[in-house]
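Enquirer: mind looking at a prediction? Sequence and model below.
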Amino acid sequence: MVEIICKKIIAYSLGTRIVQLELKSPLIAKKTLPGQFVVLMVSEKGERIPLTVVDKDEERGTITLIFQEAGFTTRSLGSLKEGDFLYALVGPLGNYTEIKNYGKVALVGGGVGIAEIYPVAKALRKENNHLITILGARTKDLLILEKELKQVSQELYVTTDDGSYGRKGFVTDVLQELLTIHYALNAIELIYAVGPVPMMKGVSQIAKDRGIKAIVSLNALMVDATGMCGCCRVTVDGKTKFSCIDGPEFEAQSIDWEELGKRTKMYQDKETHICKLYNR
Amino acid sequence: MRKEPVKVKEINIEERTKSFKEVVLGYTEEEAILEAKRCLQCKNPTCILGCPVGIDIKKFINQIAQKDYEGAYCTIREKNNFPSICGRVCPAEYQCRKACVLTKRGSIFASFEAINIHFLERFVGDWGMININSKSEALNPKVKGIKNLNLKFRDKRVAVVGSGPAGLCCAGELARRGIAVDIYESLHKPGGVLRYGIPNFRLPQEILDSEINYLRELGVEIMTNFVIGKLKTVDELFKEGYSAIFLGLGAGIPTFLGIKGENLCNIYSANEFLTRVNLMFAYKFPDYHTPLNIGERIIVIGGGNTAMDAARSALRLQVMNRIKPDVTILYRRTESEMPARRLEIAHAQEEGVKFKFLVQPQEFVSDKQGFLKGLVCLECKLGEPDDSGRPKSIPVPGSDFLLETDLVIVAVGLRANQLLTRVTPELKVDKYGDIIVNPETMETSLKNVFAGGDIVGGEGTVIEAMGMAKKASASIINLLFP
């Protein structure tokens, strides 16, 4: 059983909430590296869901998770209070991000994916990378971690779909523009992107056109997350890979995005059903 | 002697598919005695050689016949910690029963007349579960090789990685001798493949829980949600004071077919399908929250026990969801080459699972939403025997045909999970990623690290994993008490 030490609603807009939880887990806090994730179960009857470790505090023995209340499990998780316990927490899982001096790195975060680029940004900054960070949200109230990322980035751009803050449009618009107007052809060495599948797919296309290496971190469905079930599989370079043990990061251009997009929607009917049932 | 074996009672076929209740009910006392009395008590019993852990089968059967159930229980426990599990899941027709003298020479599996050793073992195990607790057993002088539980060995600690058949068996062997054992398990419940892979209708989780509780009573600690290789390394375990480590990691990774479309929606590995059902209780959705899709026309690819388990589970899910049962097992050879237990094949057939032999999948076909809608296959014919001794399956060019299906479960095998071995480079593995051990001692290339189960031999049976674990535990005891 894992205790919730601290809970914050960090963004809210029209029934959508983004929640930050700090969980007591000294061993995981000690071992986690940027890019890794945990799997948790809210209750004994719950699903196993993966979430990226956004931050950790070894002294306090805690890890921080950020998630948007989207489906049944994330809503259940969001309904827990400080002092409540999770049924299970396992991690760290997955491979960690290769952190080194790349030079100029463009970090692209969409929606709650911003939370996942944050630990990577901090680690890259420590290696003296020049960070160009592009954040995208549906609307101003759902933008997270802007201040935190500003602190570690040399440049920071914000887009919102509805134009309520920053630039109206998408992260890919900014990325495209930066690469065409502001930066010379080979100035950016790496693009690191996390967000919804269409966003990552868009980033992948831009990177491909420019011949820049792009890394994405995938949020595939998982069960055990140690390689045993194969639920999280994704086609990379025409071959089947498991996000949990081969990933969660892959080179963006190698991924079959269409298939991945469809696969993540595999349980949409069931999700709608269980949400309706428990909201009554 | 009575020639006709005593049939074991089973739930009737109608009832079976409506739930995940155990199908085989087991012998009553009278039935067990009757079956035990059929045993010829051979001078040179061959059955014992057929058992991977060498249970004195002749002796325990005789003890049943004499109504000495406690004696029988002790005889089995000498060699096997988990009679209630093995009595249910051992492929006896390839092991002890095949070696029974009542089996005709040269047959591929046991004759019908062979003594139902596994059902007798199960009877004794279940009897013991009710009538004997672990402490009284450890104190029981009848149980040879089990020293009285005492605390003098408590300074010797052993870490066991993985709580499947190998890990549980190794932990049990050590704990019975008073050695402190900690098991590390990555999932939230212990049992490994016994938990996530074997359905309730073959091995009820209460039986598994009870056998695991027996270990806890012996003082074994089980740490769940703990991934060795991620949260702690092998080195770190030694630094914490463990004298030896046993790796029972299992053969974790499901194999796929490597054909087009294999990652479409509604294509499951048997591991995933069974894990969702057994470990996560997806069949109780939405009371339990893990979803699982159930097709109208389900195809299971493979011919082993896992394929049978997946097919029978799928059929039950259809019935429980009021879908007309339609599950077909595809296998590229014929029924006699199927590696599954005969009993499971028979159960699957009785319950309504269809079989299609001599077929090889070629390509999955999808609808616009990325969901599976069909499977293109090739017909096959049998050729000369291959390395496995079974006739090779040869696809016939141009024979391709389409099977309509909306859900496929792939049960074509597993390969080694390298999550731990990759971060432990000193641990030598073979080209398949399996851990290399000294077959006499089960010691790995790392000092005081032992291994057993599927991570050593590739896919095997529960009892084979236990056999390796017993060998390893004997080496660990030699190491700790030279």
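Expert: Ah, there it is.
Enquirer: need the contact list for the residue lying closest to B:Pro291 once chain neighbours are set aside.
Expert: Closest residue in space to B:Pro291, ignoring its immediate chain neighbours: A:Lys270 at 3.9 Å, by Cβ to Cβ, 6 or more residues apart in numbering or on different chains. Every C-beta, even on glycine, is put in place using the N, C-alpha and C of the backbone. Contact partners of A:Lys270, counting by Cβ atoms under 8 Å, 6 or more residues apart in numbering or on different chains, are B:Phe285, B:Pro286, B:Pro291, B:Asn293.
Enquirer: restricted to strands, list these.
Expert: Secondary structure from DSSP state E places none of the contacts of A:Lys270 in strands.
Enquirer: most widely separated two among the residues you listed?
Expert: Within those, B:Pro286 and B:Asn293 form the most distant pair, 13.8 Å apart (Cβ to Cβ).
Enquirer: thinking again about what came up before, now the residue nearest to B:Pro291: how far from A:Gly195?
Expert: 24 Å (Cβ to Cβ, to the nearest Å).
Enquirer: near chain A, which residues of the stretch 251-400 of chain B?
Expert: Residues of the stretch 251-400 of chain B lying close to chain A by Cβ under 8 Å from any Cβ of the partner chain are B:252-254, B:256, B:258, B:262-266, B:268-269, B:271-272, B:275-276, B:280-281, B:285-291, B:293, B:369-371.
Enquirer: quick one: the helices in chain A, in order.
Expert: Assigned by DSSP state H, the helices in chain A fall at A:26-31, A:72-78, A:114-126, A:146-152, A:171-177, A:197-210, A:243-246, A:257-263, A:268-279.
Enquirer: least confident of these, on average?
Expert: Between these, the lowest average pLDDT goes to helix A:268-279, which shows a mean of 86.
Enquirer: residues of that helix that come out buried?
Expert: Residues A:Lys270, A:Glu271, A:Ile274 are the ones in helix A:268-279 that count as buried (16 or more other Cβ atoms under 10 Å in any protein chain shown).
Enquirer: nearest residue to the second one other than its sequence neighbours?
Expert: Nearest non-adjacent residue to A:Glu271, counting by Cβ to Cβ, 6+ apart: A:Gly71, 4.9 Å away.
Enquirer: ok, B:Arg332 touching B:Ser393?
Expert: Yes: B:Arg332 is within contact range of B:Ser393, at 4.0 Å (criterion: Cβ atoms under 8 Å).
Enquirer: looking at these two, which is more packed in?
Expert: The neighbour comparison of B:Arg332 against B:Ser393 (other Cβ atoms under 10 Å in any protein chain shown) goes to B:Arg332, with 23 against 19.
Enquirer: so where's the stretch 51-200 of chain B uncertain?
Expert: In the predicted model of the stretch 51-200 of chain B, residues B:133-154 satisfy pLDDT under 70.
Enquirer: next, count neighbours for the residue in it that chain A sits nearest to.
Expert: In the stretch 51-200 of chain B, the residue that lies nearest chain A is B:His188 (4.2 Å; Cβ to the nearest Cβ). Look at B:His188: counted by other Cβ under 10 Å, it has 21 neighbours.
Enquirer: residues contacting the spatially closest residue to it that is not a sequence neighbour?
Expert: Excluding the flanking residues, the one nearest B:His188 by Cβ to Cβ, 6+ apart is A:Ala88, at 4.2 Å. With contact set as Cβ under 8 Å, 6+ apart, A:Ala88 has these partners: A:Val2, A:Val39, A:Leu40, A:Met41, A:Arg48, B:His188, B:Thr224, B:Asn225.
Enquirer: residues in contact with the first one?
Expert: Listed by Cβ under 8 Å, 6+ apart, the contact set of A:Val2 reads A:Leu23, A:Lys24, A:Ser25, A:Leu40, A:Phe85, A:Leu86, A:Ala88, A:Leu89.
Enquirer: looking at B:His464 now. What's its pLDDT?
Expert: Rather than His, residue B:464 is Glu. We have a pLDDT of 87 for B:Glu464.
Enquirer: buried stuff in the helix or strand where it lies?
Expert: Assigned by DSSP states H and E, B:Glu464 belongs to helix B:462-480. Residues of helix B:462-480 classed as buried: B:462-477, B:479-480 (neighbour count, 16+ other Cβ under 10 Å).
Enquirer: just stretch A:100-120 next, same as before
Expert: For stretch A:100-120, a neighbour-count test (16+ other Cβ under 10 Å) marks A:102, A:104-120 as buried.
Enquirer: endpoints of it, how far apart?
Expert: Taking Cα to Cα, to the nearest Å as the measure, stretch A:100-120 stretches 11 Å from start to finish.
Enquirer: check stretch A:52-63 too.
Expert: First-to-last residue span, stretch A:52-63, Cα to Cα: 10 Å.
Enquirer: and the helices in the stretch 101-250 of chain B?
Expert: For the stretch 101-250 of chain B, the helices defined by DSSP state H, counting those that start in this stretch occupy B:117-131, B:134-139, B:165-175, B:193-196, B:205-217, B:234-239.
Enquirer: export the third one to PDB, keeping only CA atoms.
Expert: Spelled out, it's helix B:165-175. Only the C-alpha atoms of helix B:165-175 are listed here, as PDB (Å, rounded to 0.1, in the frame of the first residue of the first chain):
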ATOM      1  CA  PRO B 165       6.500 -22.700  -9.800                       C
ATOM      2  CA  ALA B 166      10.300 -22.700  -9.700                       C
ATOM      3  CA  GLY B 167      10.500 -19.800  -7.200                       C
ATOM      4  CA  LEU B 168       7.800 -21.200  -4.900                       C
ATOM      5  CA  CYS B 169       9.300 -24.700  -4.900                       C
ATOM      6  CA  CYS B 170      12.900 -23.400  -4.200                       C
ATOM      7  CA  ALA B 171      11.600 -21.200  -1.400                       C
ATOM      8  CA  GLY B 172       9.600 -24.100   0.100                       C
ATOM      9  CA  GLU B 173      12.600 -26.500   0.100                       C
ATOM     10  CA  LEU B 174      14.800 -23.900   1.800                       C
ATOM     11  CA  ALA B 175      12.200 -22.700   4.300                       C
END
